[in-house]
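Give me a 3D structure for the following:
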Amino acid sequence: MRPQQVLLLGLMLLVPVLAFLFLKSFGTNRYALPFYLPEHVDSTLVAGKWQRDTVFHQLGSFQLREAASGREVSGAELRAQSLYVLSAMPPGCPPECQRQTAQLVRVQEKFRQESRVRLASVLTGPDSLAARYAEQAGAIAGKWYFLTGNESTVTRLLEQELRLPPTAGTYPLVVQLVDRDGYVRGRYNGTSERDMNRLITEISVLLYIYEHP
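Numbering: from 1, shown residues only. Here you go, the predicted structure:
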């Protein structure tokens, strides 16, 4: 092999190594989660140029009753520690709802010891029914809240705040990740193991972002 070929081969082998060392020493891992529920686009004049920014919906205040204790729980309380996972339970909890509940049990167990993560399931109906669902799911007090309220309050939360379209008197089984500022940062099919695995990952990502601003 000619000297020039040897030199060229050496350089080809050296470049990836140098790139790896550079990224390892100076690179910064950056994670970002999207925002959901866009509301409108704002235009701002910056240095003589118009910049367009999407403004996303921030959940309004709401207050529902926790079935287990009977006390009122607000959205501000749910996100006070960091974030919460919000879901809706249709009346009677059909098989699809039961699959969603099983997936939420996985989320609860994954973050059992993480005080910054809470879960909330919203449903209409008597407290006794919601308390029974909570017991069947093995909901941990202070970790997973089963919330009830009058129909108008629940409807406003699900339709106006979370923008879930009702179909035949029920709502799609969409699980939502709400951050500490009240923004929706993730939406997932509650019956899909793959989607709920993504939820678990993105909860960890959001906690990492809070730890490393």
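
ok now stretch 65-82, how far from the chain's centre?
Distance of stretch 65-82 from its chain centroid, counting by CA atoms, centre = their mean, to the nearest Å, is 17 Å.

Over to stretch 193-200?
Using CA atoms, centre = their mean, the offset of stretch 193-200 from its chain centre is 10 Å.

Show me the contact partners of that stretch.
V85, Q103, L104, R106, V107, K110, V175, L177, G186, Y188, N189, G190 (CB atoms under 8 Å, 6 or more residues apart in numbering). No exception for glycine: its C-beta is placed from N, CA and C like everyone else's.

If we use 6 Å, what do you get?
Q103, K110, Y188, N189 (CB atoms under 6 Å, 6 or more residues apart in numbering).

Next: stretch 53-61.
So stretch 53-61 is contacted by F35, L37, P38, E39, H40, V41, D42, G75, E161, G182, Y183 (CB under 6 Å, 6+ apart).

Tell me which stretches of the chain form strands.
Residue ranges of the strands in the chain, as given by DSSP state E, are 38-46, 49-56, 63-66, 72-74, 83-88, 117-122, 144-148, 174-178, 184-189.

Dump those strands to JSON lines, plus mean pLDDT and distance to R99.
Formatted as JSON lines, these follow (pLDDT from 0 to 100; distance: least, CB to CB, whole Å):
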{"stretch": "strand 38-46", "mean pLDDT": "77", "distance to R99": "30"}
{"stretch": "strand 49-56", "mean pLDDT": "82", "distance to R99": "29"}
{"stretch": "strand 63-66", "mean pLDDT": "95", "distance to R99": "24"}
{"stretch": "strand 72-74", "mean pLDDT": "96", "distance to R99": "25"}
{"stretch": "strand 83-88", "mean pLDDT": "96", "distance to R99": "12"}
{"stretch": "strand 117-122", "mean pLDDT": "97", "distance to R99": "14"}
{"stretch": "strand 144-148", "mean pLDDT": "96", "distance to R99": "17"}
{"stretch": "strand 174-178", "mean pLDDT": "97", "distance to R99": "12"}
{"stretch": "strand 184-189", "mean pLDDT": "97", "distance to R99": "10"}
